[in-house]
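*Asks:* coords please:
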Amino acid sequence: MDTDISTDTTVIKAAHNGNEQHPFQVGYEIFRDALERETEGRYSLDIFPNSQLGSEEEATEMVKLGVISSTAASAASLASFVPEIDVLNFPFIFRDLKHFYAVLDGPVGKRISVQIEKDLDILVLGWWFAGVRNVWNEQRPIYVPDDLQGLKIRVIGSSIVLDAFDTLGAQATTMSFGELYSAMQQGVLDGAESDHTDLLVEKFYEVTKFVSLTQHLYLAVPLAYSKKKFDRLPHHVQLALRVAAAESVHAQRTAMESSNQQSLFALQELGLQFNEVDGEKFRQQIAIGRVYENNSARVGGGAMIEEVINQQ
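*Replies:* Below is the predicted model:
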């Protein structure tokens, strides 16, 4: 933490990989305002968007080491460190957004938070939302799994998502997000999967044509905070941080939902072709391929998967 001598305000550093208009920025701005209010201006937040301090993984490492205080780290980026979080990355495991939030705010979310604290020395002050992911590509609309046959699709860096897309017939691969546009431009890939906001902001609409509403993944984002730094704070500031985090969760989720809807309208205006899919056929293929069973050991067994599915 840095202290501004002129105002005697302690400044806490937070980093994320979105731009200044991204819902992550909205979440952190609400966090900052609430923290300043709760501490009467004695503590504030310095926000570094656009991966200014490093990639998502690098920012997470900085939080772990106590170099910075906070970052918004996706569940996919933490899966290699905390395998249990990958239970949130099973495609088609969530019925809808209400179910997704209930899981994050319920026993499963709390258990994963405890594991993150244990394994990484990072507190989860709340769970943010990074959108509903759909498949898009340059070749053809996807209605059923067979339509994915042979398509080279970039997916998030989760072994479970890779397995799922291979099972569905795609040639799934991981790749740096920053290299995706040029890979599409050069024909190295046929498509990818993302939420509507990234599809718009990153201008992938320039290199693709068809967006198929698979809604296969709701992406969870732990609001990470350095336990080393948190433990050194006075108790009243710790309480203020938790209040600020709770307010940021509500604001960030609302902003993400709104951004997804607005981005959908903008992408339709830009001429992308959207289509519904036969979701039941995708779920059946995932079941036939035993994707859940084959990956259950990674997340501590089938009990947690069942708990997610049965969450009301």
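
*Asks:* helix, strand, or coil at residue 85?
*Replies:* helix (DSSP: H, G, I helix; E, B strand; the rest coil).

*Asks:* again, but for residue 40
*Replies:* Residue 40 - assigned by three-state DSSP - is coil.

*Asks:* just give me the neighbour total for it.
*Replies:* 8 (other Cβ atoms under 10 Å). To be clear about C-beta, it is placed using only N, CA and C from the backbone, and glycine gets the same treatment.

*Asks:* residue 204 now?
*Replies:* 20.

*Asks:* just checking, which helix or strand of the protein averages the lowest pLDDT?
*Replies:* strand 2-4 (a mean of 44; mean pLDDT, DSSP states H and E).

*Asks:* ok, the nearest residue to residue 291 once chain neighbours are set aside - contacts?
*Replies:* Excluding the flanking residues, the one nearest residue 291 by Cβ to Cβ, 6 or more residues apart in numbering is residue 164, at 5.0 Å. Residue 164 makes contact with 90, 91, 172, 216, 286, 289, 291 under the criterion Cβ atoms under 8 Å, 6 or more residues apart in numbering.

*Asks:* ok, which pair from those residues is furthest apart?
*Replies:* The largest separation in these, counting by Cβ to Cβ, is between 90 and 172 at 14.8 Å.

*Asks:* comparing those two, which residue is more hemmed in?
*Replies:* Comparing residue 90 with residue 172 by other Cβ under 10 Å, the one with more neighbours is residue 90, at 24 against 20.

*Asks:* can you tell me how far that one sits from residue 155?
*Replies:* Applying Cβ to Cβ, to the nearest Å, the value for residue 90 to residue 155 is 13 Å.

*Asks:* please apply the same query to residue 228.
*Replies:* Relative to residue 155, and taking Cβ to Cβ, residue 228 is found at 33 Å.

*Asks:* ok, now residue 38?
*Replies:* Taking Cβ to Cβ, one finds residue 38 at 40 Å from residue 155.

*Asks:* and residue 19, by the same measure?
*Replies:* If you go by Cβ to Cβ, the gap between residue 19 and residue 155 works out to 23 Å.

*Asks:* ok, these two, which is more surrounded?
*Replies:* residue 155 (27 against 13).

*Asks:* just checking, the more buried one touches residue 161?
*Replies:* Yes: shown here, residue 155 and residue 161 form a contact pair, counting by Cβ atoms under 8 Å, at 4.7 Å.

*Asks:* coming back round to it: which of the contacts of residue 164 fall within helices?
*Replies:* Using DSSP state H, the subset of these located in helices is 286, 291.

*Asks:* in strands only, show me the contacts of residue 164.
*Replies:* 172, 216 (DSSP state E).

*Asks:* looking at the contacts of residue 164, which one is closest to residue 10?
*Replies:* Checking the contacts of residue 164 one by one against residue 10 (Cβ to Cβ), the nearest turns out to be residue 90, at 40.7 Å.
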